[in-house]
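# Pasting the sequence and the predicted coordinates here, then a few questions.
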Amino acid sequence: MAHGPLLRLDSRLSSALVHPDRFSSGLSDLGNVQVAIPVLVAAIGYVAWRGRATGTDRWWLPPTAAAVLMALVPAIIVPLKDWTARPGTPVVPPAIGYFPSGHTATAAIAYGSATLILLPWLTSVKVRRIAVVICAALILGVSYGLVRRGWHWPLDVVASWCLATVLLTALRLLLTRSTRRSSSGTPSSSTGPS
C-alpha cells in the first residue's frame, strides 16, 4: 500500500480528482468527530428514550451496540494506520498513517449506525428510504470532500468503506436477530416498533 501499483493508481486518480475548494472542505468536515459523533449521540438518546418509554424488550441493545461500534472505530483504524504506514498525498504534510481514512470510517459508522437504530422508529417506508438516502449522501459527501481536497488518496476512502460495510452489516445482523428473538416470545414482548 505504501509503494507499488496501488499507490501509482491512487496517484493518477488523485491527480485527476484533486481540486481544493470550500465546498469539498465543508463536505470533508462532516466526517470530523465534532460533527458526526453528536449526530450519533442524538440518535442513541432518542432511540433509548423511545424504547424505554414504549416498554420495548431490550430497549438498551440498539443504542449500546451503536455506541460500542463507534468506540471500536479508533481501536481498529489506528493500528491499521500504523501497520500500513502509508504516506499521505502531496497536499498534506509529509507523514504516514493515512490508510484507511479515519474521517470516512467515522462518518460511515456514526451516520450508518444512527440510521440503522432509527429505522425501526420511522413511521413509513418513504421516511425510512429518505433516511437511508441522507445517510448515504453524507458518507459519500465526506468521501468526495476528502479526495477532492487532497487530504486522502481514493483507496484510503475505499478501504474505510469496506471496513464500515463489515461493521455495519454486523450491527444490522445483531439488531435483526435481537428483534426476531424479542418478537418470537410472548405477545407482550413485541411492544416495540413495527
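Thanks, I have it.

# residues contacting the residue positioned nearest the centre of the chain?
For the chain, the residue nearest the mean C-alpha position is Ala108 (1.6 Å; Cα atoms, centre = their mean). By Cβ atoms under 8 Å, 6 or more residues apart in numbering, the contact list for Ala108 reads Ile139, Ser160, Trp161, Ala164, Leu168. For the C-beta atoms, the positions are set from N, CA and C on the backbone; glycine is no exception.

# Next: Asp29.
Val35, Gly145.

# quick one: Pro74 and Ala105, what's the gap?
9 Å (Cβ to Cβ, to the nearest Å).

# Neighbour count for those two, which is higher?
Set Pro74 next to Ala105 and count neighbours by other Cβ atoms under 10 Å: Ala105 wins out with 30 against 14.

# What does the more buried one show for phi and psi?
phi -60, psi -40 (degrees, to the nearest 10).

# Now it. Nearest residue, chain neighbours left out?
For Ala105, ignoring the flanking residues on the chain, the nearest one in space by Cβ to Cβ, 6 or more residues apart in numbering is Ser160 at 4.2 Å.

# just to revisit the earlier point, so for the strand or helix carrying the residue nearest to the centre of the chain, mean pLDDT?
Using DSSP states H and E, Ala108 sits within helix 102-118. Helix 102-118 comes out with an average pLDDT of 97.

# again, but for stretch 72-84
92.

# can you list contacts of that stretch?
Contacts for stretch 72-84 (Cβ under 8 Å, 6+ apart): 1-2, 96-100, 102, 105-106, 109, 160, 163, 167.

# Next, the buried residues of it.
Residues of stretch 72-84 classed as buried by neighbour count (16 or more other Cβ atoms under 10 Å): Val73, Ile77, Leu80, Lys81, Thr84.

# how about low-confidence regions in this protein?
1-19, 180-194 (pLDDT under 70).

# all strands for it, in order.
Per DSSP state E, the chain carries no strands over any range.

# Can you show me the helices along it?
5-17, 22-29, 33-53, 61-84, 102-118, 125-149, 154-183 (DSSP state H).

# so which of these is the most packed in?
Mean neighbour count (mean count of other Cβ atoms under 10 Å) peaks for helix 102-118 among those, with a mean of 27.

# out of the helices of the chain, nearest to Val91?
The closest of those to Val91 is helix 125-149. By Cβ to Cβ, the value is 7.3 Å.

# Give me the residues contacting that closest one.
14, 17-21, 23-31, 91, 101, 103-104, 107-108, 111-112, 114-115, 118-119, 122, 152-154, 156-157, 160-161, 164.

# Distance from that helix to the middle of the chain?
10 Å (Cα atoms, centre = their mean, to the nearest Å).

# Can you check what angle separates that helix from helix 102-118?
Angle of helix 125-149 versus helix 102-118, following axes from the mean of the first three to the mean of the last three Cα atoms, to 10 degrees, is 180 degrees.

# quick one: helix 125-149 to helix 22-29, angle?
110 degrees.

# Output the buried residues of stretch 72-84 in a markdown table, with distance to Gly55 appended to each entry.
Listed next are those as a markdown table, based on distance: Cβ to Cβ, whole Å:
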| residue | distance to Gly55 |
| --- | --- |
| Val73 | 32 |
| Ile77 | 37 |
| Leu80 | 41 |
| Lys81 | 43 |
| Thr84 | 47 |
